[in-house]
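# model this:
(2 chains)
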Amino acid sequence: MFSTRRPSDEVCGAPTPAATTVATGRHTREDRLGLPPKRANADDTFAKLLRMHARVRGGRPAFRHKDFGIWQTWTWSQVYDETRALAQGLDAMGLRKGDRIAIVGANRPRLYWAITAAQMLGAVPVPVYADSVADELALVLDHAGAKFIVAQDQEQVDKIFSVAARLPNLAHVVYDEERGLGDYGEARLHSLDAVMAAGREALADPRVAAALDARISAGEGKDPSVIVYTSGTTGRSKGVVLSGERCIAAARDTVAYDNLTDRDEVLAYLPLAWVGDHYLNYAQGFVAGFCMACPESADTAADDLREIGPTFHFAPPRVFEALLTRVMIRMEDASAPKRWLFRHFMAVAKRWGESIANGRKAPWPARLHYALGELLIYGPLKNVLGFTKIRVAYTAGEAIGADLFTFYRSLGLNLKQLYGQTEAFLYVTAQADGAVRADAVGPPAPHVELRIAEDGEVQFKSPGMFVGYFHEPDKTREALTEDGFVKTGDAGFFEPDGQLKIIDRAKDVGRLAGGQMFAPKYIENKLKFFSDIREAVAIGQGRDFVAVLLNIELASVGNWAERNAVGYASYQELAGNPRVAELIAKHVDAVNRALASEPVMAGAQIKRFLILPKELDADDGELTRTQKVRRSFIAERYAPLVEGLYDGSAEAAISAEITYEDGRKGKLVGSSKIVDMPIYPATSGSRAA
Amino acid sequence: MSENQTVAAGEPLLSLQHVSLSFGGVKAISDVSFDIRKGEIRAIIGPNGAGKTSMLNVINGFYQPQLGRILFRGEARRRMRPFEAASQGIARTFQNVALFKGMTTLDNIMTGRNLRMKKSLFWQALRHGPALEEEIAHRRFCEGIIDFLEIEHIRKTPVGALPYGLQKRVELGRALAMEPELLLLDEPMAGMNLEEKEDMSRFIIEANRHLGATIALIEHDIGVVMDLSTRVVVLEYGRKIADDVPDVVKADQKVIDAYLGVAH
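Numbers count the residues shown, from 1 in each chain, chains lettered A, B, ... in the order given. Here you go, the predicted structure:
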C-alpha cells in the first residue's frame, strides 16, 4: 500500500511545509531548454506578435472555423489583414487608446480578431461570458465602462439593448452574425462586415496604413492588454487587468515548458471570457504561432474535436468524467468479445500504462502487451474521443479522482494538472511531463515564486501576474501582501517531491482542539472518490477528532447488495445494514491510511463515522444548487447524530421535525450505527502510491 | 405596422374564389374566398373542425374543390396534383411530422432539393462528373438552411431519434430547401414549449423576410398568430367569418363568439 519512493528532504530540499517557504520556479528547466530568461522588449503586445507571425509564417494556418459544414481556414497574413481592417474601422468610429471594448459571444474567429484589433489601437478588450443573463451582463459592462461592444448575434444584441439604459458609456454595438438584425433601425448598431469594409477602404490610402502601422509599433507592453472578469463564485466578480508584456512573458514560459510550436493545433471551445481560453488558446497561440480552431457551435464541440484532432487540449475534470461515463455505457452495450478485450487491455493499461507514460521501468513482455493494447483498444478509443494527436493535455479547476485521472493517463494520454488563478493569468503550478500524479497540482510553473503563508494560504508572484483590479484599488491592496505576493485564498502545502497540494479555500480550513490542521473538503473529496460514497460531511472544527457523516451511492452500493444477496427496500434500509457499514468502513480506512502518509494531514484522520439515514438533497436545503454540502446547516439539522459521534455512543437516533424549503413540514426519523475507526501513526516522508 | 400594410397591399400570389369542398354530405368548406399576397404571412385560424387543414390541402392540390376557382400567380387552375403544386413552388409541412425517420437530418433536407436536381438518375447513381458538381451545389444550399435553423449538431443524426421540436424544425428545413414561393405550415408549433415556440416564430419571420417566402400557416396559439401574421382569415364550420389584419380580427365579435362559444 505504501511506497517510500522519495525520501523528501534529500531529493527536493523542500523545507517542512508548515514553515514559511519560498520555492522559486524552475530555473533549471529554462537552462535545460536553453532559453534566455527574458527577451528584451521583443514583441510585447499581441498586435506586434500578429504582425510578426504574418511576416514569419504568413502562409501557415492561424484560425479555423467550421461553417456550413466545412472547416474554413485563415492564414496568419490573412488574419493580419482582416484584423487591421477591423482596427481601422473601429478607429474611424472613435475607439481610442484606453477605451474598453466588450466582446460578447461564443468562440468565433472574428471575435478573437476584434480582441487583437482593439489591442492594435491600445483599447482594452473585455471578454464577457456569452451565457450570462442580461442583468449580469449589465453589471460587467457598466463596471468596465464599455464604450464599444462586439456581439456575436441577435441574442447578445437583444440582451445588450434591453439593459442599454444602464450603460451610459455605450456608444456603438457591432455584431458578427447578421441574422435577425437586418431591420433593427438602431443608430448605434453596426455590422462587423460594414466596419471592416470601411476600414479596408481607408487602408487603401498608404498614409492611413502607415499611421496604423505606427500605432501598432507605439503599443507598449506595460499598458493594459485585456480585462478578464473573475467568475464570481467567491463573491462579486472583479475585473482583472493584465498587461501585454506580462501576458506574453507568461505564455512564452509555458510554451517553452510544453514545447509548443507553430505545428500545434487547439480547439478553442472554452468560454471566451474565461482566463483559460485567453491564455491557453489566444496567448499561447499568438506566442507559438499555432492554429486555433473554433467549433461550429457549442453543441458540436465533441464532433469538431474529433475532426480537428488537437495536439494541445484543456478540459475540466467533469468533462473527462462525462466522457468516461459515455465510453463505459457504450462498452456495456458492446458484444461480449469486445467487452472482454476492453476489460483485459484496460487492466493491462492500469497495471503498466502509468509506468510507461512516466518513463519508469517496465519489463519488455509488459511493454509488448501494452503495445498490442494500443493497437486494439487504446488507439481506437483515443481516436473516437479525438485524443489521437494530443501531446499535452491539462485539467484543472477542481480535484480530479485518481481512478479517472489514471484511466486517461494509462491510455497514453499525456494528461497533467495545473493550478491557476485569473490574477496570475492562469499558471501558478504545472506538472512536468513524466512527473505526474493525481493528487497534487505540480511544482511552481517557470519563473513563478510560490510560498505557503503561516496560516497555510498559498501565495505567489508570477510573470503573468495581474496589474490590479479594474477601478478597485482597495481590492487590489487586499489581494496583495506587503512584499507584493498575491494571496490566492486557497490553503495548500508542498508535498515532499515539491508538488503543491491544494486543500481547500483558506477560510474553510480549521483546526482541531489539539491544533492539528483540519480541512473538511479535502477529507470529503478523498471519501467521495469512492464510487460507493455519494456525499460526505466532515466535522472537527474545535473538536477533539474528526467525525464524518456519509451518504452512500444507491446505484453502486445497491449493485453490490444485489451481488452479495443483501436485501433492501429503501435507501434507509440499505444505509442501516451492518454489512454496508463494513463495506464503507474499508473505504474510510483507506482514506485514513492515505491521510496518515501526509505529514500535514495525519492529525485529521477520521475516528468515527456514521451513514445518514436520509439522502442529502438540495431541495431540503442540505446541498447548494451546485451540489456542494452546506456543512453548518447539516450539523445543525442532524445535531443529535453529531452529538452521538462525539459522546462515544454506539448508535445515535434522530427524530426531528424539519421544515423543507417549500414550507412543507416533515418528520425525520432514523437511527445510525456509529463505527469506530483505527487511527494510524503519521508515516512522514512517504506517500501512498 | 406601416411595413405590414404595404405588404398586405401587394399583388395576390394565390387567390381562392368561392371555393367549396365536401366529402359526401359533409361540407368541409363552403364558399370561401380569400387571397394570399406576395410576401405576407397569412394565418388561417378557427376552432377544431373549421376546415383549416382541408383549406391547405385544397391549396396544395391534395383535395380538388367541387366548386370555385383557384388562381396561382394569376393563372386559374382547376385540377392539380401535389407534386405539380410542389414543382410550381408550393411547399408544406404537416400537422403530424412526415419525415423519413431512418434518414439523417441532412439527407431529409436534401430530399427537399429533389425537384431541383436536373441531372439524370444515371449520372446521380454514378455520383460523378456533373451529377457530383450538382450535388455539391445542393449540399451548399442545404448547409445554409442547417445554419439558418441552428441544427448543425444533429446534421448526421437519424431523424427518428430526435425530439419532436427538432423534427418540426427539420421538416421546416426540408420545405425551405425547395426555395418555395409559397410555404404552407400546418400547425408548426403544435406540442411545443414556450422556448421552442419562440425559436420557431423567429425562423418563420426570418424565412419570410430574408428568404422571401410567402407563408400561409395554421396555428392554434392565438398569441403567436397575432404576433406573426400580416393578415388573418378566420374559418368556422367551413365558412369564412372574418378576414383582416390581426388587430381588427381580435376585436371582431363573431371571432370572439366562435372561440368562446355561443349558443347557435
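# Poorly predicted segments of the chain, please.
I went with chain A, as the question did not name one. Residue ranges of chain A with pLDDT under 70: A:1-41, A:232-235, A:625-626, A:659-663, A:684-689.
# you looked at the wrong chain, it should be chain B
For chain B (pLDDT under 70), the answer is B:1-9, B:78, B:261-264.
# hmm, 50 instead?
Within chain B, the stretches with pLDDT under 50 are B:1-6, B:8.
# Residue of it nearest chain A, please.
Nearest residue of chain B to chain A: B:His153, at 3.5 Å (CB to the nearest CB). C-beta: built from backbone N, CA, C; applies to glycine.
# Surely that residue and A:Ala302 touch.
No - if you go by CB atoms under 8 Å, B:His153 and A:Ala302 don't touch, sitting 9.2 Å apart.
# Show the backbone phi and psi for the residue nearest to the spatial centre of chain B.
Taking CA atoms, centre = their mean, the centroid of chain B lies closest to B:Leu184, which sits 1.4 Å from it. Torsion angles at B:Leu184 (phi, psi; degrees, to the nearest 10) stand at phi -100, psi 120.
# so what's A:Leu86 closest to, chain neighbours aside?
A:Ala117 (4.0 Å; CB to CB, 6 or more residues apart in numbering or on different chains).
# no no, A:Gln154
In this structure, A:Gln154 finds its nearest non-sequential neighbour in A:Gly180, 3.8 Å apart by CB to CB, 6+ apart.
# hang on, that neighbour is in a strand, isn't it?
No - counting by DSSP: H, G, I helix; E, B strand; the rest coil, A:Gly180 is not found in a strand; it is coil.
# Break chain B into its domains for me.
B:1-87+B:214-264, B:90-179 (automatic domain parsing).
# Among the ones you listed, which comes closest to A:Glu398?
Closest to A:Glu398 of the domains of chain B, according to CB to CB: domain B:90-179, at 26.7 Å.
# Could you count how many residues lie near whatever residue of chain A ends up closest to chain B?
Chain B sits closest to A:Asp299 of chain A, with a gap of 3.5 Å, by CB to the nearest CB. Neighbourhood size, A:Asp299 [other CB atoms under 10 Å in any protein chain shown]: 14.
# Same question for B:Arg209.
Neighbours of B:Arg209 (other CB under 10 Å): 15.
# quick revisit: so the residue of chain A closest to chain B sits against B:Thr157, correct?
No - applying CB under 8 Å as the test, A:Asp299 and B:Thr157 come out as separate, 11.0 Å apart.
# what are the ranges of the helices in chain B?
All helices of chain B, identified by DSSP state H, fall at B:2-8, B:52-59, B:82-87, B:105-111, B:121-126, B:129-148, B:164-177, B:194-209, B:222-228, B:246-251, B:253-260.
# Can you give the distance of the fourth one from its chain's centre?
Which is helix B:105-111. 18 Å (CA atoms, centre = their mean, to the nearest Å).
# Repeat that for the last one.
Its chain's average C-alpha position is 25 Å from that of helix B:253-260, according to CA atoms, centre = their mean.
# And for the second one?
In terms of CA atoms, centre = their mean, the gap separating the centre of helix B:52-59 from the centre of its chain is 10 Å.
# Quick one: residues in contact with that helix.
B:14, B:16, B:19, B:21, B:28-29, B:32, B:44-46, B:63-65, B:70, B:85, B:90, B:92, B:95, B:182, B:184, B:186, B:216, B:218, B:235, B:238 (CB atoms under 8 Å, 6 or more residues apart in numbering or on different chains).
# residues near the residue of chain B closest to chain A, how many?
18.
# Now do the contacts for it.
Contacts of B:His153 (CB under 8 Å, 6+ apart): A:296-297, A:299-300, A:303.
# The residue nearest to A:Leu86 - that's part of a strand, no?
No - using three-state DSSP, the assignment for A:Ala117 is helix, not a strand.
# Hmm, A:Asp81 and it touching each other?
No - the criterion here is CB under 8 Å, and A:Ala117 misses it with A:Asp81 at 11.5 Å.
# neighbour-wise, which of those two wins?
For A:Ala117 versus A:Asp81, the count of surrounding residues by other CB under 10 Å is larger for A:Ala117: 30 against 17.
# what about that one, distance to A:Cys294?
17 Å (CB to CB, to the nearest Å).
# cool, and B:Lys254?
For B:Lys254 relative to A:Cys294 (CB to CB), the value is 55 Å.
# neighbours around residue 85, how many?
Here I'm looking at chain A. If we define neighbours as other CB under 10 Å, then A:Ala85 has 22 of them.
# Sorry, I should have been clearer: chain B.
Counted with other CB under 10 Å, B:Ala85 comes out at 21.
# The one 5 residues further on too?
With neighbours defined by other CB under 10 Å, the count for B:Ile90 comes to 26.
# same deal with A:Asp131?
When neighbours are counted by other CB under 10 Å, A:Asp131 comes out with 11.
# In contact with it, which residues are there?
With CB under 8 Å, 6+ apart, A:Asp131 has these contacts: A:Pro271.
# In the host helix or strand of A:Val228, which residues are buried?
Here A:Val228, judged by DSSP states H and E, is contained in strand A:224-229. Within strand A:224-229, the residues that count as buried by 16 or more other CB atoms under 10 Å in any protein chain shown are A:224-229.
# which of B:Lys254 and A:Cys294 has more neighbours?
Taking B:Lys254 and A:Cys294 together and counting by other CB under 10 Å, A:Cys294 has the greater number of neighbours (27 against 13).
# Does that one touch A:Arg108 like I think?
Yes - A:Cys294 is in contact with A:Arg108 according to CB under 8 Å; the separation is 5.8 Å.
# Return every residue with contacts to both of the two.
Joint contacts of A:Cys294 and A:Arg108 (CB under 8 Å, 6+ apart) are A:His65.
# what number of residues lie near B:Gly49?
Look at B:Gly49: counted by other CB under 10 Å, it has 13 neighbours.
# Look at A:Pro678 and say how many residues are nearby.
10.
# Tell me which residues of whichever strand in chain A runs longest come out buried.
In terms of residue count, the longest strand belonging to chain A (DSSP state E) is strand A:665-676. Within strand A:665-676, the residues scored as buried using 16+ other CB under 10 Å are A:670-675.
# sec struct for A:Phe609, please.
Going by three-state DSSP: A:Phe609 is strand.
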